[in-house]
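Asks: Okay, structure incoming, though there's no sequence with it:
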C-alpha cells in the first residue's frame with residue numbers, strides 16, 4: 001500500500017513538473033505558484049522537506065511580487081504545511097532553505113523543481 005502511494009506521488013510530481021515547465025514557458029506566473037506548491041507538498045510527503053521549503057518559498061516570493069495572496073479557502077492548509085516543514089527541519093535549516101528559495105530566479109527554481117539541481 002505504501003509503495004502504491006509512493007508510485008502515485010512520483011507520477012503526480014512528473015505531471016506537475018510538466019505543468020510547471022509549460023507555465024514557465026508561457027510566462028504564467030500565478031499558475032507556476034500552484035505547480036510549485038503542489039510539487040512542494042508531494043516532495044515533503046516523500047521525505048524531502050528541504051526541497052519542499054525551497055519550492056514553497058519560491059512560490060511565496062512569486063505570489064508576493066504579483067500581489068496575489070493565497071486563496072482564503074486554502075490559506076490554513078498552506079500555513080499548516082509551512083509549519084510542518086519548519087518543525088521537521090528546525091528553525092535554522094528552515095530559514096536557510098526558505099531564504100534560498102526566496103532568492104532564486106524563476107529559471108533556478110524551475111530547474112530545482114525539475115530535479116536538475118540540488
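Replies: Thanks, I have the structure now. Worth saying up front: this structure is predicted, and the values here are computed from it rather than measured.
Asks: Pull the residues that contact the lengthiest helix in the chain.
Replies: The longest helix of the chain (DSSP state H) is helix 2-26. Helix 2-26 has contacts (Cβ atoms under 8 Å, 6 or more residues apart in numbering) with 29, 31-32, 35-36, 38-39, 42-43, 45-46, 106, 110, 113-115. All C-beta atoms are positioned from the backbone trio N, CA, C, and that covers glycine.
Asks: Okay, buried residues for the helix or strand of the chain at the bottom of the mean pLDDT ranking please.
Replies: In the chain, no helix or strand scores lower on mean pLDDT, DSSP states H and E than helix 2-26, which sits at a mean of 91. Using 16 or more other Cβ atoms under 10 Å as the test for burial, helix 2-26 gives 13, 16-17, 19-20, 23-24.
Asks: buried ones in the helix or strand just after it?
Replies: Sequence order places helix 29-45 as the next helix or strand after helix 2-26, per DSSP states H and E. Going by neighbour count (16+ other Cβ under 10 Å), the buried part of helix 29-45 is 32-44.
Asks: now, which of those residues sits nearest residue 88?
Replies: Nearest to residue 88 out of the buried residues of helix 29-45 is residue 44 (Cβ to Cβ; 7.8 Å).
Asks: Touching stretch 45-53 from outside, list them.
Replies: With Cβ under 8 Å, 6+ apart as the contact definition, stretch 45-53 has outside contacts at 6, 9-10, 13, 40-41, 43-44, 85-86, 88-89, 93-94, 97-98, 101, 112.
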